[in-house]
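1. Coordinates only, no sequence provided:
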């Protein structure tokens, strides 16, 4: 079976088009439609206080846990555009939903691209016939059309017991010249109720996308949407469905991590020996955001002192005299002092596993995923927006 | 008057020497001695939970608010060296204080350099005669000997009403291959009591060094020491002394900021319109640590959307629809929407002032100092420690 991502599950169609939002002339709009029979939906959106206009639309639309379509555009985030930004997003949703013959409040919208530039609404309306007439098994094209500085499209497909989960994602990096976003759409033909959909999605996002931290920046547009139509006629038990959804989201997570801007290393940071899981998570995040650690790993430098200096600032209980650090399972620091062969560990590969034991004797643990801090990251993100 | 920093105030002498800790063969040890008549001392040390051995010595010695000498070394932080690191630091302080004829618990110690390498104690003891015999008006040499990757020594001198304040500093950047530290020594011949000394120093550090954030990393060794001997016979009023100490520390702060690793821009971020000063400070820190904003400013890119996206994650009340941003006093965003001429602001200079109004209508405000994120920063901090 060819992966077509979001259109692999029964009852979902998609289309992509080029409205001309991106100067590159690449596809920049996508439409995802759920043909039913059910229209269960759940969403998790950015925690940023500054939110883009499409996020307001999506939050409002998903309140009733029902969505029939999602409109995507790339190249313009429609964030920080004031009242005009809200009006523009509403106009697009009104026009597209009317043409699809569905209520406006069953359509979500996701935008990604430059912040603070007016949305070219006319251009985006001009391709509505093309998008709607073109709806079909085009998950691949939709996954392509939501990209910004991504170098490859990100899709997943999980075969469950009698049902299927498909997904697409873009991000996490930055767009030149402004902030891009992490957008994720997951579809399934499993028959699940809305309460299960939202609760499961929230837990899975917490375990996956919320643990990926490229640069500590949370965008104005981040949105993860789950659509479930029951077309398979199969109602999985909640535990099995959660396991499969987790699999799909983990697969997308790894693709996002691998394609993060300027990435040369994929880094998994696991903290163990914490008093509780949430303390381990805070400690792992602190290390994952430390630019000094990230620079050292870019240079394949087994500089464990930076890891200790970073974790020492974490809001987590630790035993400062009994912290251990492992790089790729090689002990570089035991009981807060370097091992004799610490400098011999090989960090030249693309994947680096960092494990830090806080030495409290507790069982708390957590893993976060990050990347190195490279010249390319600085290059990409210092480009002129003018 | 030639600036000799810490030896400008009456009654302070210093010396520097080369123990051979640094592979470069540059001076790497300094001794600062207070000749009295009083020996008032105060200190502010790192908030990191992982602390270097010399920090433990300094905290213990300064507990009684009296110090007669401070021993400095660069090239080795003596951090994460376990019990041996503590023993090494104690041995050095015991030997130097005995030779000076002062109680061991009136000597502080500050180290800066690589983490996790044993201190070369024998070499450091071998230069004790040279250091002690060489004590004199050598603030300049001491300021030179505490440097690591700093490109220039950092000193200050403030003439008060009948008294003088002198100072030296090193940092904030990183040393190849490991974390350096911010070390500051401030001397004064003003006659102040120990309670005033500690309270004033703590407030001034909060307003100066604690507002400088190059990369969000707090080292295992950061230490600011104030020594006051009353040799001038003048007791300034507390307010005047605080103003003068603030002036000295601000001067050192600007020198640290200007010499931070890889710096091409000095950035002051001021947040206004917050509900309270502490909320403004949290918001300013969040912006100052945002790598995307720092990359944009490296590129002289007036990318105000990143500032909004960053501040939106701050733990501070704001009005998301009424945030304003100014670059070098040029309004680039008003009421959370871009101005027509936002892209025309000139950010090509070395100093950039960013002002963000949170729009709460409150009077809270605060400024933090940071730098851009440049290729040179990545280059310096990705060097092999092997």
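-> The structure has been received and is ready for your questions. A quick note: this is a predicted structure, and the numbers were derived from the prediction, not measured.

2. Tell me who's in contact with residue A:49.
-> Counting by CB atoms under 8 Å, 6 or more residues apart in numbering or on different chains, residue A:49 touches B:312-314, B:318, B:320. To be clear about C-beta, it is placed using only N, CA and C from the backbone, and glycine gets the same treatment.

3. Also within reach of chain A: list those from those residues.
-> Contacts with chain A within the contacts of residue A:49, as defined by CB under 8 Å from any CB of the partner chain: B:312-314, B:318, B:320.

4. Let's see the distance spanning stretch A:294-312 from one end to the other.
-> Taking CA to CA, to the nearest Å, stretch A:294-312 runs 16 Å from one end to the other.

5. quick one: that stretch near chain B?
-> Yes - Stretch A:294-312 lies within reach of chain B by CB under 8 Å from any CB, at A:295-296, A:298-306, A:308-312.

6. So which of those residues wins on neighbours?
-> Using other CB atoms under 10 Å in any protein chain shown as the neighbour criterion, residue A:303 leads those with 34 neighbours.

7. Name the spans of chain A whose pLDDT lies under the cut-off.
-> A:1-2, A:172-181, A:215-217, A:383-386 (pLDDT under 70).

8. Excluding sequence neighbours, find me the nearest residue to the most centrally placed residue in it.
-> Nearest to the mean C-alpha position of chain A, counting by CA atoms, centre = their mean, stands residue A:182 at 4.3 Å. Nearest non-adjacent residue to residue A:182, counting by CB to CB, 6 or more residues apart in numbering or on different chains: residue A:171, 3.6 Å away.

9. So residue A:197, which state does it fall into?
-> With DSSP: H, G, I helix; E, B strand; the rest coil as the basis, residue A:197 sits in helix.

10. Compute the number of surrounding residues for it.
-> Number of residues near residue A:197 (other CB under 10 Å) recorded here: 22.

11. What separation do you get for the closest residue to it other than its chain neighbours and residue A:64?
-> Closest residue to residue A:197 apart from its sequence neighbours, by CB to CB, 6+ apart: residue A:42 at 4.1 Å. Residue A:42 is 11 Å from residue A:64, where distance means CB to CB, to the nearest Å.

12. And these two? Which one has more around it.
-> residue A:42 (24 against 12).

13. Contact partners for the more buried one?
-> Contact analysis of residue A:42 by CB under 8 Å, 6+ apart lists A:62, A:65, A:194, A:197-198, A:200-202, A:225-226.

14. And it, its phi and psi?
-> Residue A:42 adopts backbone torsions of phi -140, psi 160, taken as degrees, to the nearest 10.

15. and it, what are its bridge partners?
-> According to DSSP bridges, the partner residues bridging residue A:42 are residue A:226.

16. Of all the residues in the stretch 1-150 of chain A, which one is nearest chain B?
-> When distances are taken as CB to the nearest CB, the stretch 1-150 of chain A reaches nearest to chain B at residue A:115, 2.8 Å away.

17. Wait, that residue touches residue A:85, no?
-> No - distance between residue A:115 and residue A:85: 10.1 Å, which falls outside the contact criterion (CB atoms under 8 Å).

18. Now the common contact residues for these two.
-> A:52, A:79.

19. Show me which of these two is the more surrounded one.
-> residue A:115 (31 against 25).

20. Just give the nearest non-adjacent residue to the more buried one, would you?
-> Closest residue in space to residue A:115, ignoring its immediate chain neighbours: residue B:305 at 2.8 Å, by CB to CB, 6+ apart.

21. same check, this time on residue A:331
-> Residue A:331 sits nearest to residue A:339 (CB to CB, 6+ apart), 5.2 Å away.

22. what's the most distant pair in the residues of stretch A:294-312 next to chain B?
-> A:300 and A:312 (23.5 Å; CB to CB).

23. tell me the secondary structure for residue A:72?
-> Classified using three-state DSSP, residue A:72 is strand.

24. what sits up against stretch A:32-41?
-> A:6, A:11-14, A:62, A:65-70, A:72, A:100, A:106, A:108, A:135, A:142, A:185, A:187, A:191-194, A:197, A:225-231.

25. sorry, back to before: which residues touch the residue of the stretch 1-150 of chain A closest to chain B?
-> Counted by CB under 8 Å, 6+ apart, residue A:115 has contacts A:52, A:77, A:79-80, A:178-179, A:220, B:305-306, B:308-309.

26. cool, and residue A:66?
-> A:39-41, A:106, A:194.

27. And for the closest residue to it other than its chain neighbours, the neighbour number?
-> The shortest distance from residue A:66 to any non-neighbouring residue, by CB to CB, 6+ apart, is to residue A:39 (4.6 Å). Neighbour count for residue A:39, taken as other CB under 10 Å: 20.

28. returning to that earlier point: relative to residue A:267, which of the residues of stretch A:294-312 next to chain B is nearest.
-> residue A:298 (9.9 Å).

29. can you give me phi and psi for the closest one?
-> The phi/psi pair for residue A:298 (degrees, to the nearest 10) reads phi -60, psi -40.

30. And the residue nearest to it when sequence neighbours are not counted, how far from residue A:297?
-> Distances taken as CB to CB, 6+ apart put residue A:372 closest to residue A:298, at 3.8 Å, once the chain neighbours are dropped. Applying CB to CB, the value for residue A:372 to residue A:297 is 5 Å.

31. Now do the shared contacts for the two.
-> Residues touching both residue A:372 and residue A:297 by CB under 8 Å, 6+ apart: A:265, A:267.

32. re the thing from before, filter the residues of stretch A:294-312 next to chain B down to the ones in helices?
-> A:295-296, A:298, A:304-306, A:308-311 (DSSP state H).

33. Out of those residues, which comes closest to residue A:258?
-> Nearest to residue A:258 out of those is residue A:298 (CB to CB; 15.4 Å).

34. quick one, domains of chain A?
-> Domain assignment for chain A by automatic domain parsing gives A:5-258, A:266-381.

35. how long is the last one from one end to the other?
-> It refers to domain A:266-381. Terminal residues of domain A:266-381 lie 19 Å apart, using CA to CA.

36. quick check, distance from it to the centre of its chain.
-> Averaging C-alpha positions (CA atoms, centre = their mean, to the nearest Å) puts domain A:266-381 23 Å from its chain's average.

37. try the first one
-> Its chain's average C-alpha position is 10 Å from that of domain A:5-258, according to CA atoms, centre = their mean.

38. ends of that domain, how far apart?
-> 18 Å.

39. Would you confirm that residue A:71 contacts residue A:94?
-> No - using CB under 8 Å, residue A:71 makes no contact with residue A:94, being 10.9 Å away.

40. the more surrounded of these two?
-> Neighbours per residue (other CB under 10 Å) separate residue A:71 from residue A:94, with residue A:71 holding more: 27 against 12.

41. Run through the bridge partners of the more buried one.
-> Applying DSSP bridges, one finds that residue A:71 bridges with residue A:31, residue A:109.

42. give the contact list for it.
-> So residue A:71 contacts A:29-31, A:92-93, A:96, A:107-110 (CB under 8 Å, 6+ apart).

43. Any chance of a PyMOL selection covering the buried ones in those residues?
-> The following PyMOL line selects those of those that are buried, judged by 16 or more other CB atoms under 10 Å in any protein chain shown:
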select buried, chain A and resi 29+30+31+92+93+96+107+108+109+110
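
44. sec struct for the residue lying farthest from the centre of chain A, please.
-> Distance from the C-alpha centroid of chain A, by CA atoms, centre = their mean, peaks at residue A:340 (40.0 Å). Judged by three-state DSSP, the three-state class of residue A:340 is coil.

45. And residue A:113, by the same measure?
-> Under three-state DSSP, residue A:113 falls in the strand class.

46. likewise residue A:152?
-> coil.

47. Tell me which helix or strand the closest residue in space to residue A:168 that isn't next to it in sequence sits in.
-> Spatial nearest neighbour of residue A:168, excluding adjacent residues (CB to CB, 6+ apart): residue A:143 at 4.0 Å. In this structure, residue A:143 sits in helix A:139-145 according to DSSP states H and E.
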